[in-house]
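**Student:** need a structure here:
(one chain, ligands or ions: 1)
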Amino acid sequence: MKVHNFNAGPSVLPNEVLYKASKALIDFEGSGMSILEIGHRTAPFIAVMEEARSLVKELMQLDDDFEVLYLQGGATMQFMQVPMNLLDNSGTAAYVDTGVWSNKAIKEAKLFGYVDVVASSKESNYNHIPKQFTIPPQASYLHITTNNTIYGTQWQMTPVTDVPLIADMSSDIMSRSMDFNKYSLIYAGAQKNMGAAGATMVAIRKSMLGKVTRKIPSILDYKNHIENGSMLNTPPVFAVYISMLTLRWLKEQGGVSAIEQLNDKKAALLYDEIDHNPLFRGTVVKEDRSKMNACFVMDKPEMEEEFLKFCKKEDIVGIKGHRLSGGFRVSMYNALPYESVEVMVEAMKYFSLKKA
Ligand code: PMP
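**Tutor:** This next block holds a predicted model:
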């Protein structure tokens, strides 16, 4: 264990994934070549891509209408690729605004059709998830951001609606059990719970396609990617390989429901300290707290710098809050060991005693 890595993303990866990837970087499965040196259309790499895609389906228990793709351009590209493929010029898409990332998605969708922002928690600096909203029945889809990485809020339930549901799950994908089949499209940058930056996972229902009239450039058309087995052009081979190893690791841990239990334990330990330590205060309403990114501040902000320095000495890294929410953000993705949260909590306790 090097340090206690609470980075928000890219973030901590399982040690064994890093170890296996480092070996494959030199000699991939005894081929005498690096994984970076083999053609993406060779049988060994096609096997990597197929295993990654099928592990996503298996771990998320997706039904047969779903196709899984590994694309480039980050979750940010999905902000525009989703409406380009699914929202007609004359159509309406419903979006819930829960922070920076939803806002970026909304901005891009407006380039393609009409956007109805059905709810927003902006007025309260995004400290909660809106609960009351009406979705226009003619909407082509409803888009939500299941976990808000910057503000530390997370949807605790799936909205009930007849319109197709689309989610940016970049920062909580595969961290908890949910009925993923309620969604019509799910996307996530791989660099938090699914591997390394450079690959973006898109799980899409085939039945969603072919409904818009606009011409779609080949590389942006989901249909082309599906027809080409997620190999329309050269995929980000190393990032896909790391994602495959990370998903294998997750399966070995017992899958999504097993990691959820660990994630629940980690979050409970940290939030309990935030709630009981007089120096710290959580920034979002309790019922909407994220189990991936815990955001909190100090009542005496002048002490924050000192606490950060203290943590650094304890090998705790990546806890400085995003500039928009201030204070601290402790990210606890799937690969973060429970022991790291114990060390974090000990540091909070010790610092508090020192200041008492
Ligand atoms: N959505 C969410 C919820 C995120 O947390 C992030 C990145 N932190 C993004 C989208 C953007 O992802 P990318 O950098 O892969 O484009």
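
**Student:** contacts, neighbours, all on C-alpha from now
**Tutor:** OK.

**Student:** where does the stretch 151-300 of the chain have low pLDDT?
**Tutor:** By pLDDT under 70, the stretch 151-300 of the chain has no low-scoring segment.

**Student:** That one: helices as residue ranges?
**Tutor:** Along the stretch 151-300 of the chain, the stretches classed as helices by DSSP state H, counting those that start in this stretch are 222-227, 237-252, 255-276.

**Student:** Which positions in the first one come out as buried?
**Tutor:** Taking 16 or more other CA atoms under 10 Å as the basis for neighbour counts, the residues of helix 222-227 that come out buried are 222-223, 225-226.

**Student:** that older thread, out of the helices of the stretch 151-300 of the chain, which one sits most buried?
**Tutor:** Of all these, helix 237-252 has the most neighbours on average by mean count of other CA atoms under 10 Å, namely a mean of 22.

**Student:** and that one, what does it pack onto?
**Tutor:** On a contact count with 3 or more CA pairs under 8 Å, 6 or more residues apart in numbering; DSSP states H and E, helix 237-252 meets helix 15-26, helix 43-60.

**Student:** Output those as JSON lines; include the columns mean neighbour count.
**Tutor:** Rendered in JSON lines, the data for these read as follows (neighbours: other CA atoms under 10 Å):
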{"stretch": "helix 15-26", "mean neighbour count": "15"}
{"stretch": "helix 43-60", "mean neighbour count": "18"}
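
**Student:** For the residue of the stretch 151-300 of the chain found nearest the ligand, which non-adjacent residue is closest in space?
**Tutor:** The nearest approach of the stretch 151-300 of the chain to the ligand comes at Gly189, 4.4 Å away (CA to the nearest ligand atom). Spatial nearest neighbour of Gly189, excluding adjacent residues (CA to CA, 6 or more residues apart in numbering): Thr200 at 4.3 Å.

**Student:** can you check Val117 too?
**Tutor:** Tyr95 (4.8 Å).

**Student:** Quick check: the one you found is in a strand.
**Tutor:** Yes. Counting by DSSP: H, G, I helix; E, B strand; the rest coil, Tyr95 is part of a strand.

**Student:** re earlier: in this structure the residue nearest to Gly189 contacts Met77, no?
**Tutor:** No. Look at Thr200 against Met77 with CA atoms under 8 Å: they stay out of range, at 9.1 Å.
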